[in-house]
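Chemist: The amino acid sequence is not available; the structure is as follows:
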């Protein structure tokens, strides 16, 4: 019996026994794991229900009750009907309420004409209209109901808030008089959620119905989850509740709840641990049994099969002899060989010989492929000399042959790279590992410059020194040229060749940042040609285009080298005046008007050009790029309403 265990069939039997033992242990582990996960899932759902019922819903209802009490106050209803009455009392009532409710950031009431009253008082931007704010429009969707908004940036302090709002109706006429609401800082809601029992390793987040993040005490983990939207959609659709967000975070069990009002999706993630999965003991037992069987089998091999091992060694020695002498020199009268073994050895020798022939053929094919490859393939020394290059490499660098290239380039860093530091950086990265798609600029034989991508690895010696550098050299000059053309087209107006609106807004955003950090002033001018539509209607769009080009040339002549002119709309231009205050900006606008005013077109002498100009400069309350441009455009349109050919500065400036 022991002898049979040591035969080849015994190995198969041993394999099947091991497989069966391991399979049964794994099945038992899976059942225990599923049971543990079910218990953990029930506990997570119970924890979510407790969180919503005892904390979040009470938090929401507290604000809704407070808003309802303030909105139904008789004095406030009289104030809502006529703001001239009881204004001081209502503001005092609001201040007292804010003193007892620190989580309320703002209380406000907006009338249907867009005027707004709020506490605490703060300056508003010029032309502020409450009817354009998201909370006002949201309240009108369901008049009479208390509604919650999605997060938005609040004016005037630019803080991220959510609003609870409701419409106010006159109790006598039942006519809607306005919208009342309260703002809550999302960062306060973050602090409130931080007290929830999700733990430091867990995750708790609230999302609005439009997908915005409302609040979370774990913003870094939410960012990781949002980087893979598929994970977030899978969780919210209840398709899968166990997710591993990345390699640095453990697997988490997610539970979700949906609230109707506010329209929130609450997401809770609890980390899974070995205690949650349970049942590793059966697998450990199976491994111990398999180890015992394996030790027993090894002992049998040692005790009963020493002779078989000696025969195997003799057989390996004979095979080595065949490999050296070849199939034709095999001694037919070898006494150690039986007839079947002799046949086997001869066939083995023939197969080895054929294998060597195939290797030689494949080597020749590979050399041909390397020589004909359309990309450059090279081998060089670390000191900067080429050992081997293919024809593709020589063609890229415009040498007649690989030999000619190897002969002429004596120092790769000096003669090939446009920047010698690129070669040094490449070698440093090769010492740390392989390099893929390393961008560089190179110099051809005729002196022209091109762009290349290098993928290479270093052949290292046993002492850790670099022996050779081997890699691929791909010419990407055409690709870079196309990228530059596309980038230029994306930032340039086709008609005038000036920067377009996108490019101009990027410039204004940078300048606004400099103003906020260093106080560096600048002026923004928005110019519009008067009566341009009449010119288009009378002479056609072709003539209009010529006039716009002529106008652009005239403005460019009046600009300083540090100023920027852009076309941001059909007949609307914008100018950025660097390091210019309001007074200097108005002088510059007057200079532009004089440059353009009454200018005749050579092909259309009866056309006179005049400009309406709006001027704005950043201030402490007006620093947002979009609002700054909007202020200048607004004053430009007011100038056109006055008949054109005039300059108006923004009031806040």
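Modeler: All right, it came through fine. In this text, all values refer to a predicted model and were calculated from it rather than measured experimentally. Numbering: from 1, shown residues only.

Chemist: Pull the residues that contact stretch 255-267.
Modeler: Outside stretch 255-267, the residues within contact range by Cβ atoms under 8 Å, 6 or more residues apart in numbering are 41, 44-45, 48-49, 51-52, 56, 60, 146-148, 162, 164, 203-209, 214, 235-236, 238, 241, 254, 268. C-beta: built from backbone N, CA, C; applies to glycine.

Chemist: Give me the buried subset of these.
Modeler: 41, 44, 48, 51-52, 56, 60, 146-148, 162, 164, 203-208, 214, 235, 241, 254, 268 (16 or more other Cβ atoms under 10 Å).

Chemist: Mind checking which of those residues land in helices?
Modeler: Mapping the buried ones among the contacts of stretch 255-267 onto helices (DSSP state H) picks out 41, 44, 48, 51, 60, 235.

Chemist: Check the residues you listed and tell me the two furthest apart.
Modeler: 41 and 60 (26.1 Å; Cβ to Cβ).

Chemist: mind checking how far residue 14 is from residue 290?
Modeler: 9 Å (Cβ to Cβ, to the nearest Å).

Chemist: so what's residue 495 up against?
Modeler: By Cβ under 8 Å, 6+ apart, residue 495 lies in contact with 545, 548, 549, 567.

Chemist: Out of the residues you listed, who's the most crowded?
Modeler: With neighbours taken as other Cβ atoms under 10 Å, the top of these is residue 567, carrying 23 neighbours.

Chemist: Can you read off the backbone torsions of that residue?
Modeler: phi -100, psi 110 (degrees, to the nearest 10).

Chemist: likewise the one 5 residues further on?
Modeler: For residue 572, the backbone dihedrals (degrees, to the nearest 10) come out as phi -110, psi 130.

Chemist: you'd agree it is up against residue 526?
Modeler: Yes. With contact defined as Cβ atoms under 8 Å, residue 572 counts as touching residue 526 (6.5 Å).

Chemist: before we move on, which element is residue 191 in?
Modeler: Here residue 191, judged by DSSP states H and E, is contained in helix 186-194.

Chemist: what's across from residue 258 in the sheet?
Modeler: In this structure, residue 258 bridges to residue 265 when assessed by DSSP bridges.

Chemist: Check the burial of it by counting its neighbours.
Modeler: 11.

Chemist: distance of it from residue 204?
Modeler: From residue 258 over to residue 204 (counting by Cβ to Cβ), the distance is 15 Å.

Chemist: again, but for residue 399
Modeler: In terms of Cβ to Cβ, residue 399 sits 65 Å off from residue 204.

Chemist: Please apply the same query to residue 65.
Modeler: For residue 65 relative to residue 204 (Cβ to Cβ), the value is 25 Å.

Chemist: now residue 530
Modeler: The value you get for residue 530 to residue 204, if Cβ to Cβ is used, is 59 Å.

Chemist: how many neighbours does residue 553 have?
Modeler: Quick note: residue 553 (other Cβ under 10 Å) scores 11 neighbours.

Chemist: again with residue 394
Modeler: 20.

Chemist: need the contact list for it.
Modeler: Neighbour list for residue 394: 400, 401, 402, 404, 405 [criterion: Cβ under 8 Å, 6+ apart].

Chemist: average pLDDT across the helix or strand in which it is found?
Modeler: Secondary structure from DSSP H and E places residue 394 in helix 391-396. Averaged across helix 391-396, pLDDT comes to 87.

Chemist: ok, now stretch 629-644?
Modeler: 92.

Chemist: and it, which residues are buried?
Modeler: Neighbour-count burial for stretch 629-644 [16+ other Cβ under 10 Å]: 629, 630, 631, 632, 633, 634, 635, 636, 639, 640, 644.

Chemist: Looking at those, spot the one nearest residue 438.
Modeler: Distances from residue 438 to the buried residues of stretch 629-644, taken by Cβ to Cβ, are shortest for residue 629, at 41.4 Å.

Chemist: so after the helix or strand the closest one falls within, what's the next helix or strand?
Modeler: Applying DSSP H and E as the criterion places residue 629 in helix 625-641. As assigned by DSSP H and E, the chain's next helix or strand after helix 625-641 is strand 647-649.

Chemist: Give me every residue in contact with that following strand, excluding its own residues.
Modeler: Identification of contacts with strand 647-649 by Cβ under 8 Å, 6+ apart yields 582, 585-586, 589-590, 593, 613-616, 635-636, 638-639, 642.

Chemist: average pLDDT across that strand?
Modeler: Rounded mean pLDDT across strand 647-649 is 93.

Chemist: partner strands of that strand, parallel or antiparallel?
Modeler: By DSSP bridges, strand 647-649 pairs with strand 611-616 (parallel).
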